[in-house]
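# Here's a sequence, model it:
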Amino acid sequence: MPTPPATPLAPPAAAANDVAQGPSQSQWAEIVQQLGAEIAGPLSAALERVHNLVVTGQIDRQSLRALRDNVALARETGMMGQQLARLASGRLRLSRERVHLTQVLRGVLAHRSRETQARGIQVRQVLKPVEIVADGSLLFSLLNALLDWALASTHSSIDLRLDLTPWPAKARLMCRFAHRSLDLIDDPRKQELPPALNSLAWRLVEQTALTMGVLPLREDEAGITVLTLEFPHTISDEPGATPPVLEKEPEHQPSTNSKPLAGSHLLIVTPRRELRAQIQDSVRHMGLIIDVVNNMDEATQFCLEGLPHGIVFESAQRGAAFELLRADVLREVPEFSFVEVLDEDHVTQLSTATSDGMARIARKHLTDALPSILLFELSKSL
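As a prediction, this is how the structure comes out:
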C-alpha cells in the first residue's frame, strides 16, 4: 500500500468560527435513517448466509468469517447509534474540567496502537502540549470516534497535528489522510467520495464535536481529507487571555441515562456461561461493547488485534498466562483496568485500594457494585 510523503500539515491562516451550531432536527432525522440502513445492510448479508447454511447444511471457513464480520459490523453500528442517542437525549450534562488534551490523545493512540499496527496503518503525530477545559468523558469519546472514522476511511497513513491558533489562542487538532488510493487520485471515474467518509462513524465524530461546542471543519479535495477541530476553551498563558471558568462541585449527579461509558469496550474472561450472563446483565444498561472469551489464552489472542478498555475475569483464570498478558498490556497502557471476580465473599475494592492495582469484587455483589467499579476504573484514562 503506497504511503504519501510525510508533509507537515499546513496550519490554517485563521481560527474557525467561534460558535459551533448544535445539531438540527433534520440532521437527527438523517442520522436515524442512515443508522437503519447501515444496520440493515450487514444483517441482510448475514441472514442470506444463514439461509444458505440452512438449505445446504454446509458453510466454508470463508463464509463463516464473512458471517462473523457482518454480525460484528451490525453490532458496532448499533453501538454507534446508542452513542448518538445519548447525544440527542437532552439528558447529557457536560462537565467543565481542566484536561491535558495532548496526554489524553497520546493515551488513546497508545491504547489503539495494536489495532493500527494490525491494520498496517501508520499514525504520524506532531503534538504540542495543550490544555483545555472540556468534558473529559466526551473528549475521550470524540478522540476514539475520530480514530475509528479515520482508520475506516484512510488508504494510507494518518497524520495528526495538535497546535494553537493565532490570537486568541485555541487548541486546534488536525487529522489528515488519503481517502482514495494514491493511484486513483487522478482518475476522473473515481471522483465521488467513498461511502466510509460520510458513514455513521463520521456522524458520531461530527455530533460529538458539536455537542462539546467544538466546530468540525472538513475539507475533501484531490483524494485527501483534512478535518480540523477547534476547542474554544483553551488554557493559555498569553497576555490578555481570559481564563476559562472551571466547574466546581456539581449540584447534582448526571442522569444515569447519559451513559458516560457508552461505546467503551469490555472483555469478559470466563468459561462459565452463568457467570458470563450475570456480568453482562449487571452492566447491560451502561452501553458497553462486550466480548466474551473462555480463558486467558483466548484473551491474549483477542488482544493481539486491539485492546479493549477493560478486562473482567474470574479469579480461577489467574495464572502464568494472565500474568504475561497483564504485564504485556500494562507496558503499553499503564492505566489499563483489570477487575477480578471472586466466588467467595470479598470486600469490593477499587484498583487504588489494592497492592497490585487491580479492582476486586465478589460475585454476589456484581449487580450492585460492578457498574460503579467500571465507571471509576474505565474513567481513569479519561
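# Break this protein into its domains for me.
When the chain is parsed with automatic domain parsing, its domains come out as 25-88, 97-231, 261-377.
# want to throw those domains into TSV with mean neighbour count?
Bear in mind the C-beta positions are built from the backbone N, C-alpha and C, glycine included. Compiled in TSV, those are given as follows (neighbours: other C-beta atoms under 10 Å):
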stretch	mean neighbour count
domain 25-88	15
domain 97-231	18
domain 261-377	17
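# Least reliable of these by average pLDDT, please.
Sorting the domains of the chain by mean pLDDT places domain 25-88 lowest, at a mean of 84.
# What's the end-to-end length of that one?
End-to-end distance for domain 25-88, by C-alpha to C-alpha, to the nearest Å: 10 Å.
# Same question for stretch 213-230.
Using C-alpha to C-alpha, the span of stretch 213-230 from its first residue to its last is 9 Å.
# the helices in the stretch 1-150 of the chain, which residues?
Listed in chain order, the helices of the stretch 1-150 of the chain (DSSP state H, counting those that start in this stretch) span 25-56, 61-88, 101-111, 113-118, 136-153.
# Show me what the longest one is packed up against.
Under the contact criterion of 3 or more C-beta pairs under 8 Å, 6 or more residues apart in numbering; DSSP states H and E, the helices and strands touching helix 25-56 comprise helix 61-88, helix 200-211.
# so can I have JSON lines of these showing distance to L378?
Shown next, in JSON lines, are the helices and strands packed on helix 25-56 (distance: least, C-beta to C-beta, whole Å):
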{"stretch": "helix 61-88", "distance to L378": "15"}
{"stretch": "helix 200-211", "distance to L378": "17"}
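# Quick one, which of these gets closest to A46.
helix 61-88 (3.9 Å; C-beta to C-beta).
# Give the other helices and strands that that closest one contacts.
Helix 61-88 is packed against helix 25-56, helix 200-211, strand 289-293, with contacts defined by 3+ C-beta pairs under 8 Å, 6+ apart.
# Dump these to CSV, plus distance to L146.
Putting the helices and strands packed on helix 61-88 into CSV (distance: least, C-beta to C-beta, whole Å) gives the following:
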stretch, distance to L146
helix 25-56, 17
helix 200-211, 5
strand 289-293, 17
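# Point to the residue nearest the middle of the chain.
For the chain, the residue sitting closest to the mean C-alpha position, by C-alpha atoms, centre = their mean, is N144 at 3.3 Å.
# ok, I235 touching I132?
Yes. At 6.4 Å, I235 counts as touching I132 under the criterion of C-beta atoms under 8 Å.
# Common neighbours of the two, please.
Residues touching both I235 and I132 by C-beta atoms under 8 Å, 6 or more residues apart in numbering: R98.
# how far away is S379 from F231?
The gap separating S379 from F231 is 20 Å, by C-beta to C-beta, to the nearest Å.
# do V312 as well
Between V312 and F231 the distance is 33 Å, computed by C-beta to C-beta.
# do R331 as well
Distance, R331 to F231, using C-beta to C-beta: 31 Å.
# Could I get the phi/psi values of E219?
E219 has phi and psi values of phi -130, psi 130 when expressed as degrees, to the nearest 10.
# L288: which of the helices of the stretch 1-150 of the chain is closest?
Of the helices of the stretch 1-150 of the chain, the one closest to L288 (C-beta to C-beta) turns out to be helix 61-88, at 8.6 Å.
# Off-centre distance for that closest one?
Computed by C-alpha atoms, centre = their mean, to the nearest Å, the chain-centroid distance of helix 61-88 equals 14 Å.
# what's the angle from that helix to helix 200-211?
Interaxial angle of helix 61-88 relative to helix 200-211 (axes from the mean of the first three to the mean of the last three C-alpha atoms, to 10 degrees): 20 degrees.
# now the angle from helix 61-88 to strand 289-293?
Put simply, helix 61-88 runs at 150 degrees to strand 289-293, going by the same axes, to 10 degrees.
# thinking again about what came up before, check the gap between the residue nearest to the centre of the chain and L197 for me.
Separation of N144 from L197 (C-beta to C-beta) stands at 18 Å.
# With D281 instead?
In this view, D281 and L197 are 38 Å apart by C-beta to C-beta.
# Also I121?
Per C-beta to C-beta, I121 is found 16 Å from L197.
# Same check on D148?
For D148, the distance to L197 - C-beta to C-beta - is 13 Å.
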